[in-house]
Structure formats: structure tokens, C-alpha cells
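Engineer: Have a look; sequence and predicted model below, questions after that.
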Amino acid sequence: MSSTPLAGRPDGVPVEVDVSTERWSDYKLSDGTVVKAKVTIVGAVRLNQFDPNNNRPVYAIEATMTTVVSEVPQELMKQS
């Protein structure tokens with residue numbers, strides 16, 4: 001997968017995503033609806049700074065969120 005430019009191009013080194021495992025997360029809402037969501041990283045830049053707590057490099061990430069309403073209680077459906 002190829003990285004895409006991050007908005008404003010932060011100061012750092014572009015890093016491509018080599019391997020991706022995109023899993024869906026399920027969320028049940030209080031009205032009984034189930035929503036599925038997943039995040040896909042489309043770009044990353046390793047910034048020229050380090051986390052002071054663990055000395056690891058800091059990354060700027062560009063991602064997209066995909067959501068799907070997978071289950072809806074019958075009483076919430078539009079009546080025809």
C-alpha cells in the first residue's frame with residue numbers, strides 16, 4: 001500500500017504501510033442498532049521528535065474511517 005500525502009506535510013520522513021490487517025469493531029447503540037467501524041491508515045510520517053516518556057519516535061498518521069449500520073431493530077425501520 002502506498003502512502004498518500006498528509007495535509008500540511010509535517011516535518012519528518014514519509015513511511016509506507018507494508019502490511020495491514022484491518023479488523024471491524026462492533027458497537028451496539030442504546031436503541032439496539034449495531035454499527036461496525038474500521039480504521040484504515042493511508043499515510044504516515046515519522047516526525048523529527050521523540051516521546052519524552054519512552055524515547056520512541058512520534059508519528060503523524062492519516063486515516064479514514066469506514067462505518068456500516070449492520071443491524072437495526074425492526075421498530076426503527078421505515079414503514080412502507
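Structural biologist: Nice, I can see it.
Engineer: Next up, the contacts around Leu47.
Structural biologist: Taking C-beta atoms under 8 Å, 6 or more residues apart in numbering, we find Leu47 in contact with Pro10, Asp11, Gly12, Pro57, Val58, Tyr59, Ala60. Using the backbone N, CA and C atoms, a C-beta is placed for each residue, glycine as well.
Engineer: how much space is there between it and Ser25?
Structural biologist: 27 Å (C-beta to C-beta, to the nearest Å).
Engineer: Okay, now the sheet partners of the longest strand seen in the chain, with direction.
Structural biologist: Looking across the chain with DSSP state E, the single longest strand is strand 34-50. In the sheet, strand 34-50 lines up against strand 12-15 (antiparallel), strand 25-28 (antiparallel), strand 57-71 (antiparallel) (DSSP bridges).
Engineer: tell me which of the contacts of Leu47 is nearest to Val42?
Structural biologist: The closest of the contacts of Leu47 to Val42 turns out to be Ala60 (C-beta to C-beta; 12.1 Å).
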